[in-house]
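Undergrad: 3D, please:
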Amino acid sequence: MMTEHIAYLLLGTNLGNRTENLSKATAAIRMFLGRVDSQSHIYETEPWGKPHQPNFYNQAIKITTPCSPLETLHLIKQVEFLLGRDNAEKWAPRIIDIDILFFDEFAIESPVLTIPHAHIAKRKFTLEPLKEIAPDLVHPVLQKTITELYLSCSDELTVKAVDAVYQF
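TA: Take a look at the predicted model:
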């Protein structure tokens, strides 16, 4: 019997047709990784880490996948490549960015992969959409719920839900 894992991902885009980029990424995730169980609203967010670039659209999704964490990372990198991601510069504008936020209750720290994502507690653009689909999810290292992390987050960048709800 195949083992299934629950992972939470954050999708981000600030180039081109941002809604279409999220739609294509979600379709590719379904194709390569597994079932998309839930999706947050899309949130328009100010850029974090490198200002003076277009605002992002971000969306959190929950997936069920038979893949291991490293297989998931590899397939995500393939999806980003297929959709036109350019990795030339850290925090630069991009067609698509897909981060693994959580994978089951794993805590992994390696040169290629850190789970939970290292910056979750510092980024409202991650916490706001994640809080929508998993408010009571407990961070396995910090031992706080997503709602608790959101309420204590000092990030002051603007994060606002886009009017329409896009379920891809």
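Undergrad: for residue 61, phi and psi?
TA: phi -130, psi 150 (degrees, to the nearest 10).
Undergrad: from now on call the first residue 672
TA: Got it, the first residue is 672 from now on, which makes the last one we talked about residue 732.
Undergrad: From what I see, it and residue 713 are in contact.
TA: No - judged on Cβ atoms under 8 Å, residue 732 makes no contact with residue 713 at a distance of 11.0 Å. C-beta here means a position set from N, CA and C on the backbone, and glycine is covered the same way.
Undergrad: now the helices for this protein?
TA: For the chain, the helices defined by DSSP state H occupy 689-703, 740-753, 795-804, 817-822.
Undergrad: And the contacts of the shortest one?
TA: Read that as helix 817-822. Here helix 817-822 makes contact (Cβ atoms under 8 Å, 6 or more residues apart in numbering) with 791-792, 795, 798-799, 801-802, 805-808, 810, 813.
Undergrad: picking that back up, out of the helices of the chain, which is closest to residue 769?
TA: Residue 769 lies closest to helix 740-753 among the helices of the chain, at 4.7 Å (Cβ to Cβ).
Undergrad: okay, the angle between that closest one and helix 689-703?
TA: Orientation of helix 740-753 against helix 689-703 (axes from the mean of the first three to the mean of the last three Cα atoms, to 10 degrees) gives an angle of 140 degrees.
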